[in-house]
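1. Using only what follows, build the 3D model:
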Amino acid sequence: MESKSFWKSGHKPSLFGAFLYFDISFMIWGMLGPLAVVIAMDYPMTPLEKANLVALPILGGSILRLVLGFMSDYIGPKLTAQIGMSITLIPLLLGWLWVDSLSQLYVVALLLGVAGASFAAALPLAGQWYPKEHQGLAMGIAGAGNSGTVLATLFANRLATHFGSWEVVFGLAIIPIVVVFILFSIFARNSPNRPAPKKLSEYGTLLRQRDAWVFCAFYCVTFGGFVGLCNYLTIFFNTQYGLSPVRAADITTFCVIAGSFFRPVGGYLADKIGGTRMLTFLYTGACVMLVGVSFLPPLPVVVVMLFLGMMCLGAGNGSVFQLVPQRFGNEIGLMTGIVGAAGGLGGYALPLILGQLYSSYQSYTPGFVILSLIAAASMLLVLVMQSKWRGQWLKKSFTSKTESTSLSS
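-> All right, here's what the predicted structure looks like:
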């Protein structure tokens, strides 16, 4: 019955249009993660240079999410998405036909951030069609487009090996983005209930609110942890366990699947039991798994731990965005850009943490210990904020096991 009312409450073509746009954009955004190991054969890199290469697209996406979030508010998420997909063709063409040095590749990596900024248009497009009680699931389904990373890790190195060139992977990626652009343009629509555009100065107004910074911190850890690991794990498996580029990317794919497909589960369960309660469980789970990974156990064990850890981070993404529309429903476009940018900064920092500490200690243990401590600190922050929010805007009602948590502002 809950599922039926959800499907009747919004606009399915726009929901799945948002998913497709986010999915293919995420695929393109995450291409350099698996390809870095192959590219290193042409351009030898230190561990820190590899980390920089896979982190730059995340930095670009973090910055541009603010821009696309603002555009979504002013010109609508559909047109913003169409512009974003059009601009994404530029780094793909440059990566295919122009790159001739590592410095040029860094430029392409930064420009790939426009694909990562898709978050700031896809989520408002989907979320604005659905009432508050279904925001978690709607945003989770649209946000599950981060499963596009699976396509990148599964096929990028295979295609590079098959064609004997990693550059051609950039050219081939043009095909799906054009197909999705056409489908999206036909089927997606802006919600008639879209809030009126906000002024640029309202970014500052939002950032003066403590809760906005708290949500940024939450998402910096959940999304930042997820996307940072997506981009770095191929390097980790190749360096630590001596796996081939294709094999390392395949195992990364397995871990990425957990984070991608559990995002809507996190949103759905947050609708049922409350976003803060879900985040408490998920940060704890991520902390425990990352501590386990820091011991660098045998490959089968570390894969299971990373799978479970990324499952917690992916579900955490859905849980955070179950809460954001409840607190900032009238500013969801701006908040999506702001919170998304914070998540991108977290994803940018993670490869640098692992790469720098590996360079210093020749071990991944210190890096994963630090990541586990960050997850633990996030769990404590949830507990503190939950008690404060209960007296302000967060109200819970458990009249039955099947009723959703009631949140109002």
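2. What pLDDT is listed against Ser408?
-> On the pLDDT scale, Ser408 is placed at 33.
3. which residue is nearest the middle of the protein?
-> Phe223 (4.7 Å; C-alpha atoms, centre = their mean).
4. Skipping its backbone neighbours, what lies nearest it in space?
-> Gly343 (3.3 Å; C-beta to C-beta, 6 or more residues apart in numbering). All C-beta spots, glycine's among them, are computed from the backbone N, C-alpha and C.
5. wait, what's in contact with that neighbour?
-> Residues near Gly343 by C-beta atoms under 8 Å, 6 or more residues apart in numbering: 62, 119, 219-220, 222-224, 227, 317.
6. element containing it?
-> Under the criterion of DSSP states H and E, Gly343 resides in helix 332-361.
7. distance of the residue nearest to the centre of the chain from Leu299?
-> Phe223 sits 26 Å away from Leu299, going by C-beta to C-beta, to the nearest Å.
8. again, but for Val214
-> From Val214 to Leu299 the distance is 37 Å (C-beta to C-beta).
9. Give me the more crowded residue out of those two.
-> With neighbours defined as other C-beta atoms under 10 Å, Val214 and Leu299 compare such that Val214 has more, 18 against 14.
10. That one contacts Val382, correct?
-> No - counting by C-beta atoms under 8 Å, Val214 does not reach Val382; the two are 9.0 Å apart.
11. circling back to that earlier point, so which of the contacts of Gly343 are in strands?
-> Judged by DSSP state E, strands contain none of these.
12. quick check, nearest of these to Ser103?
-> Ser62 (21.2 Å; C-beta to C-beta).
13. how many neighbours does the nearest residue to the closest one once chain neighbours are set aside have?
-> Once flanking residues are discounted, Ser62 sits nearest to Gly344: 2.7 Å by C-beta to C-beta, 6+ apart. Gly344 sits with 31 neighbouring residues when counted by other C-beta under 10 Å.
14. Now do the contacts for Gly344.
-> Here Gly344 is in contact with 58-59, 61-63, 65, 113, 116, 223-224, 227 (C-beta under 8 Å, 6+ apart).
15. looking at it, Trp129 is touching His11, isn't it?
-> Yes - when contacts are counted by C-beta under 8 Å, Trp129 is listed as touching His11 (4.6 Å).
16. Quick check: neighbours shared by these two?
-> Each of Ser191 lies in contact with both Trp129 and His11 under the rule C-beta under 8 Å, 6+ apart.
17. Give the residue from those two that has the larger number of neighbours.
-> Higher neighbour count among Trp129 and His11: Trp129, with 24 against 21, using other C-beta under 10 Å.
18. From Gly148, how far out is the more buried one?
-> 22 Å.
19. Any stretches of this structure with poor pLDDT?
-> 1-10, 132-136, 139, 143-145, 332-333, 393-409 (pLDDT under 70).
20. show me where it has strands.
-> Counting by DSSP E, the chain contains no strands.
21. Same question for the helix ranked longest in it: list its buried residues.
-> Longest among the helix segments of the chain by residue count, using DSSP state H, is helix 210-241. Residues 211-212, 214-239 are the ones in helix 210-241 that count as buried (16 or more other C-beta atoms under 10 Å).
22. next one: that helix to chain centre, how far?
-> Between the centre of helix 210-241 and the centre of its chain there are 8 Å (C-alpha atoms, centre = their mean, to the nearest Å).
23. What of stretch 230-250?
-> Distance of stretch 230-250 from the chain centroid (C-alpha atoms, centre = their mean) equals 20 Å.
24. contacts for that stretch?
-> 30, 32-34, 36-38, 47, 50-51, 54-55, 57-58, 149, 153-154, 156-158, 160-161, 251-252, 255-256, 259, 296, 299, 302, 306, 347, 350-351, 354-355, 358, 364.
25. And stretch 94-112, by the same measure?
-> Contact with stretch 94-112 is made by 28-29, 31-32, 39, 43, 45, 49, 52-54, 56-57, 59-61, 88, 90-91, 167-168, 170-171, 174, as judged by C-beta under 8 Å, 6+ apart.
26. CA atoms only for that stretch - export them in CSV, please.
-> These are the backbone C-alpha positions of stretch 94-112, laid out as CSV (Å, rounded to 0.1, in the frame of the first residue of the first chain):
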residue,chain,number,x,y,z
LEU,A,94,39.4,16.6,-25.0
GLY,A,95,40.2,13.3,-23.3
TRP,A,96,39.7,11.5,-26.6
LEU,A,97,41.5,13.8,-29.0
TRP,A,98,43.6,16.3,-27.1
VAL,A,99,45.4,14.9,-24.1
ASP,A,100,49.2,14.5,-24.6
SER,A,101,50.6,15.0,-21.1
LEU,A,102,49.7,14.5,-17.5
SER,A,103,49.1,18.2,-17.0
GLN,A,104,46.6,18.2,-19.8
LEU,A,105,45.0,15.2,-18.3
TYR,A,106,44.6,17.1,-15.0
VAL,A,107,42.7,19.8,-17.0
VAL,A,108,40.3,17.2,-18.4
ALA,A,109,39.9,15.6,-14.9
LEU,A,110,38.8,18.9,-13.5
LEU,A,111,36.4,19.6,-16.3
LEU,A,112,34.8,16.2,-15.8
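27. Many thanks, we can stop here.
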